[in-house]
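**Q** Quick one: sequence plus predicted model below, questions after.
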Amino acid sequence: MSLNLQTHTEHFTNPLYLESGRILEPYDITYETYGTLNDDKSNVVVVCHALTGSHHAAGIYEDETKPGWWDGFIGPNKAINTNKYFVICSNVIGSCFGSTGPMSMQHPHHEPYRYKFPVVSIKDMVKAQRILFDRLDIHRVHAIVGGSMGGMQALQFAIHYPNFANKIIALATTHATQPWAIAFNKVAQESILNDPDFQQGYYDPEVLKEQGLSGMAVGRMAGHISFLSHESMREKFGRDYKLTDGLYELFGKFQVESYLEYNGYNFTKWFDPLAYLYITKAINIYDLSRGFDSLSEALKRVSAQLHLISFKNDLLFRNFEMQEIAQELQKIGKKNYDYIDIESDYGHDAFLVELNKFDTYVKDALDG
């Protein structure tokens, strides 16, 4: 069986009313599908991406060598089995891969929004997706799956559109972004804002594609530290030194330093800095209980079967943050959830890397 990868962009002219009270119009949403929609449209699985992810979750484009970000997880006979399910992954509003974001043209002008782009929240991203699904004539889905910021979206769906999904599977996420994660985002934001090449938001994106943005690279390095853990770094790099460098050269490097540099500088050539600022803002202000008296009031709205998955050594969203959701659900007498903590030393990125530790669990949750 083939993956049947297809990429589309939908254009919307109706205003999108945002949580801030502002309006976005018109706007585009780029999305990708895999597998085949069945006749009664009962086999839809929605996948939500994380901060730097995109709609390209699986498969390989003709001109590229790197597969989609969850390629090991989505496809024929994989955990999210495209022989069985029709999978949709859309690029969030505010991102830089085809959906409307800060560097999109502001209608009717032919200039990008830049700072005129409104602050969007995770709830707004979910609302825009819901409007996309309406357009596609999909009014109920089998499941919504996401990790990290994708898990935030999945949980928002569970609360704000309680009858939309039968199952919600949220990995490596939280009910409200805690100061630790906000602090890492702060380093990235400051690094971007203080880089003279950022030009206070009025940079030429073509120039950055060529030469990158060193401030953003530094911020991204900080991010990478939060995605791993003591153990996974020790395992991955130890104290190994770059073979070509001398121990007593001032700028000689440990393997871990080369890794951070490579990932940091590379990243700035394909991810837009304004999009980074807007999406980290959305992550920082995310709180499931906003608009409710408490988290338990918010969770009372959940009617889907909820599967919560945390990772033991996740330093960004600690496993007890997921436990807090499970405890609140228990307190209010909900029976429609389960929570597991995966034995892992990898850190936050385990949900992207150690697929074999939870793929059976997800497969059972989807098929069960």
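**A** Arrived safely, thanks for sending. Because the structure is a prediction, the values reported are computed rather than measured.

**Q** Assign the residue nearest to the spatial centre of the chain to helix, strand or coil.
**A** Taking Cα atoms, centre = their mean, the centroid of the chain lies closest to residue 50, which sits 0.9 Å from it. Following DSSP: H, G, I helix; E, B strand; the rest coil, residue 50 is assigned to coil.

**Q** Tell me which residues touch it, please.
**A** 69, 146-150 (Cβ atoms under 8 Å, 6 or more residues apart in numbering). The way it works is simple: take the backbone N, C-alpha and C, and place the C-beta from them, glycine included.

**Q** give me that answer again for 6 Å
**A** Applying Cβ atoms under 6 Å, 6 or more residues apart in numbering, we find residue 50 in contact with 148-150.

**Q** got a winner among those for most neighbours?
**A** Within the contacts of residue 50, residue 150 tops the neighbour count with 30 neighbours, counted by other Cβ atoms under 10 Å.

**Q** Any chance of the backbone angles for that residue?
**A** phi -70, psi -40 (degrees, to the nearest 10).

**Q** quick one: the closest residue to it other than its chain neighbours and residue 90, what's the gap?
**A** Excluding its sequence neighbours, the residue lying closest to residue 150 (Cβ to Cβ, 6 or more residues apart in numbering) is residue 48, at 3.7 Å. Distance from residue 48 to residue 90, counting by Cβ to Cβ, to the nearest Å: 8 Å.

**Q** what's the answer for residue 328, then?
**A** Where residue 90 is concerned, residue 328 sits at a distance of 29 Å (Cβ to Cβ).

**Q** Same drill for these two, tell me which one is more crowded.
**A** residue 90 (29 against 21).

**Q** So what does the more buried one have for phi and psi?
**A** phi -110, psi 150.

**Q** That one is in contact with residue 55, isn't it?
**A** Yes. Here residue 90 reaches residue 55: they are 5.4 Å apart, a contact under Cβ atoms under 6 Å.

**Q** what do the two both touch?
**A** residue 31.

**Q** that older thread, okay, the residue nearest to residue 150 and residue 213: tell me how far apart.
**A** 27 Å.

**Q** What are the buried residues along stretch 66-76?
**A** 67-75 (16 or more other Cβ atoms under 10 Å).

**Q** Flag the shaky bits of the stretch 251-368 of the chain, pLDDT-wise.
**A** Across the stretch 251-368 of the chain, nothing is flagged by pLDDT under 70.

**Q** One more pass at 90, please.
**A** 368 (pLDDT under 90).

**Q** ok, which stretches of it are strands?
**A** Ranges of strands within the stretch 251-368 of the chain are 305-311, 337-342, based on DSSP state E, counting those that start in this stretch.

**Q** Can you tell me which of those is most buried?
**A** Of all the strands of the stretch 251-368 of the chain, strand 305-311 has the most neighbours on average by mean count of other Cβ atoms under 10 Å, namely a mean of 25.

**Q** mind checking the SS state of residue 145?
**A** strand.

**Q** contacting residues for it?
**A** Contacts of residue 145 (Cβ under 6 Å, 6+ apart): 47, 169.

**Q** now do 10 Å
**A** Residues in contact with residue 145, defined by Cβ atoms under 10 Å, 6 or more residues apart in numbering, are 45-48, 57, 70, 73-74, 79-80, 87, 89, 151, 154, 165, 167-171, 307, 309, 362, 365-366.

**Q** circling back to that earlier point, how about the strands of the stretch 251-368 of the chain, which one is nearest residue 19?
**A** Closest to residue 19 of these is strand 305-311 (Cβ to Cβ; 22.7 Å).

**Q** mean confidence for the helix or strand where residue 33 lies?
**A** Using DSSP states H and E, residue 33 maps to strand 27-34. For strand 27-34, the mean per-residue pLDDT is 98.

**Q** Pull out the buried residues from that strand.
**A** Applying 16+ other Cβ under 10 Å to strand 27-34 flags 27, 29-34 as buried.

**Q** Quickly list the domain ranges of this protein.
**A** 6-177+287-367, 181-281 (automatic domain parsing).

**Q** secondary structure element for residue 192?
**A** Here residue 192 is assigned to helix 179-193, by DSSP H and E.

**Q** Not counting its own residues, what contacts the helix or strand following that helix?
**A** Following helix 179-193 in sequence order, the next helix or strand is helix 205-211 (DSSP H and E). Helix 205-211 is contacted by residues 96, 103, 112, 197-199, 204, 213, 216, 265, 268-274 when judged by Cβ under 10 Å, 6+ apart.

**Q** Just the buried ones from those?
**A** By 16+ other Cβ under 10 Å, those give 96, 103, 112, 197-198, 213, 216, 265, 268, 271-274 as buried.

**Q** what's the distance between the residue in the chain sticking out farthest from the centre and residue 254?
**A** Farthest-out residue of the chain from its mean C-alpha position, per Cα atoms, centre = their mean: residue 248, at 40.5 Å. Going from residue 248 to residue 254 by Cβ to Cβ gives 13 Å.

**Q** Which residue ranges of the stretch 201-350 of the chain form helices?
**A** 205-211, 214-227, 230-236, 255-267, 273-284, 295-299, 319-331, 350-353 (DSSP state H, counting those that start in this stretch).
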